[in-house]
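Student: this one's sequence-less:
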């Protein structure tokens, strides 16, 4: 007899948040900012990052500040 898998049971597994509780979203934290940038240097969308809207806003501001200060590239042309 086949067991019926309940949809709510299958999706009850919680994912870990991409930003840890101790991590601060700051333009100087380059290792954290690189996780939220694509290969081309574009800022990834909120759905892909699994961030809240407030976290996404803070991340976007931090990435833009880091770009202006030349800590991150505006475009990433890897050939």
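Tutor: Nice, I can see it. It should be emphasised that the depicted structure is a prediction, and the values quoted were computed from it without experimental measurement.
Student: surely residue 37 and residue 43 touch.
Tutor: Yes - assessed by Cβ atoms under 8 Å, residue 37 is found in contact with residue 43 at 6.2 Å. C-beta coordinates here come from the backbone N, C-alpha and C atoms, glycine included.
Student: so what sits against both of these two?
Tutor: Taking Cβ atoms under 8 Å, 6 or more residues apart in numbering as the contact rule, residue 37 and residue 43 both touch residue 63.
Student: what's the local residue count around the nearest residue to residue 39 once chain neighbours are set aside?
Tutor: Closest residue to residue 39 in three dimensions, ignoring its sequence neighbours and counting by Cβ to Cβ, 6 or more residues apart in numbering: residue 76, at 6.5 Å. Counted with other Cβ atoms under 10 Å, the neighbours of residue 76 add up to 12.
Student: hang on, residue 76 in a helix?
Tutor: No - with DSSP: H, G, I helix; E, B strand; the rest coil as the criterion, residue 76 is assigned coil and is not in a helix.
Student: let me see the contact set for it.
Tutor: 37, 39-41.
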